[in-house]
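S.K.: structure for this input, please:
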Amino acid sequence: MFYLLVGYVVLQFSWWAYHIFTLAKEVAKEESFVQRKVMMIAGEALVFFLILAVGVYFVRKTFNKELELAKEKKNFILSVTHELKTPIASSKLFAETILSRDISKEKRDDILDKIIKDQTRLEKLVENILLISKVEEHKQHLDREKVNCREFIESVIKGLGLSETAKVDVDSEIEIKIDRFYFTSVIQNLHENAIKYSTDKKEIVWSAHQLGNSIFIQIKDQGVGVPFNQREKIFDLFHRIGDENTRETKGTGVGLYIVQKIVTLHNGAIKVKDNQPQGSIFEIELPQ
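M.R.: Numbering: from 1, shown residues only. Have a look, this model is predicted:
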């Protein structure tokens, strides 16, 4: 498009030069003719500059978008590399410690427990990466069933071993129609994300209520919050706030993307807003 505009500029100036030269000969003949020509050229010039401005805008917008995507992909590669190497290196070190030293059973059990945690972390990362390809196909079958909202959230958090960090304030009568396999990833990613960005205040509050034909599920934390200009972007693939070289929190930038995709597959929606006095509230709306 850029080269097309350059070609148009050259042709346009050539056309103007020709008419201006012609006008010089015709000035004495007919003043009204000259005025019509001037108005026509002015109109053409206005259209040309409008087209040029629109072209420059879209070229710049596309360039900035590609630049931002390239940066986010770089951050993703850096974060995935780190997230893969850390548990692998840690597990290797622990295993070498067991093999090379005569240690007590208590110490050995402690090391084995750490190895299991590292491998669980690695497994979770691989599962998230594989899940991306599934949710992007938009063809997978959702095996939906009605489940008790409170019991489902509690079971997922218990499976994470994070029950002590959660308060589930959900009416025992509320039911949601979901695919257990996929929606488990929604609860897991949101809860782990809330813990990751919380500081000293680790209690995460889950709540739910019905309004009309919709069920609203909320998770509230008291962490650092999400800047207003990032609230739409955080659901984009690879997107994380800040730069991977300086960021302190771990992650790959795929968790919230997966959450939004799965919620959308359930014909729902998700948004983020401020919690008071600090932190964030992620709210999921699901059809009843």
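
S.K.: check contacts around residue 165.
M.R.: Residue 165 sits next to 157, 191, 195, 202, 203, 204 when contact means Cβ atoms under 8 Å, 6 or more residues apart in numbering. From N, CA and C alone the C-beta is placed, and that goes for glycine too.

S.K.: and it, what pLDDT?
M.R.: Reported pLDDT at residue 165 in the predicted model: 79.

S.K.: all the strands of the protein, residue numbers only.
M.R.: 144-148, 166-170, 175-179, 204-211, 214-220, 269-274, 280-287 (DSSP state E).

S.K.: closest one to residue 234 among the ones you listed?
M.R.: Closest to residue 234 of the strands of the chain is strand 269-274 (Cβ to Cβ; 6.9 Å).

S.K.: got a winner among the contacts of residue 165 for most neighbours?
M.R.: residue 204 (24 neighbours; other Cβ atoms under 10 Å).

S.K.: thought it was touching residue 220?
M.R.: Yes - applying Cβ atoms under 8 Å, one finds residue 204 in contact with residue 220, separated by 7.1 Å.

S.K.: hmm, back to that, reformat the strands of the chain as a markdown table; add distance to residue 107.
M.R.: Formatted as a markdown table, these follow (distance: least, Cβ to Cβ, whole Å):
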| stretch | distance to residue 107 |
| --- | --- |
| strand 144-148 | 42 |
| strand 166-170 | 31 |
| strand 175-179 | 43 |
| strand 204-211 | 33 |
| strand 214-220 | 38 |
| strand 269-274 | 43 |
| strand 280-287 | 40 |
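
S.K.: out of those, which gets nearest to residue 98?
M.R.: Closest among the strands of the chain, once you apply Cβ to Cβ, is strand 166-170, at 33.5 Å.

S.K.: put the alpha carbons of that closest one into CSV.
M.R.: Extracted C-alpha coordinates of strand 166-170, given in CSV (Å, rounded to 0.1, in the frame of the first residue of the first chain):
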residue,chain,number,x,y,z
ALA,A,166,-9.2,-19.3,49.8
LYS,A,167,-12.5,-18.2,51.2
VAL,A,168,-15.4,-19.6,49.1
ASP,A,169,-18.5,-17.4,49.9
VAL,A,170,-20.9,-19.1,47.5
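
S.K.: sorry, back to before: of all the strands of the chain, which lies closest to residue 131?
M.R.: For residue 131, the closest of the strands of the chain is strand 175-179, at 12.4 Å, according to Cβ to Cβ.

S.K.: kindly report the domain assignment for the chain.
M.R.: 1-140, 144-287 (automatic domain parsing).

S.K.: for the ones you listed, which has the smallest mean pLDDT value?
M.R.: For the domains of the chain, where the average pLDDT is lowest is domain 1-140, sitting at a mean of 71.

S.K.: and the closest residue to residue 95 other than its chain neighbours, what does it touch?
M.R.: Excluding the flanking residues, the one nearest residue 95 by Cβ to Cβ, 6 or more residues apart in numbering is residue 115, at 6.7 Å. Counting by Cβ under 8 Å, 6+ apart, residue 115 makes contact with 90, 91, 94, 95.

S.K.: please tell me how far residue 115 sits from residue 128.
M.R.: In this view, residue 115 and residue 128 are 21 Å apart by Cβ to Cβ, to the nearest Å.

S.K.: repeat that for residue 117.
M.R.: Distance from residue 117 to residue 128, counting by Cβ to Cβ: 17 Å.

S.K.: same check, this time on residue 41
M.R.: Separation of residue 41 from residue 128 (Cβ to Cβ): 60 Å.

S.K.: which of these two has more neighbours?
M.R.: More crowded of residue 41 and residue 128, by other Cβ under 10 Å: residue 128, with 20 against 16.

S.K.: can I assume the more buried one is in contact with residue 257?
M.R.: No - between residue 128 and residue 257 there is no contact under Cβ under 8 Å: 9.3 Å.

S.K.: how about residue 183, nearest residue that isn't a chain neighbour?
M.R.: Per Cβ to Cβ, 6+ apart, closest to residue 183 is residue 262, 6.6 Å.

S.K.: isn't the one you found up against residue 181?
M.R.: No - at 9.8 Å, residue 262 does not count as touching residue 181 under the criterion of Cβ under 8 Å.
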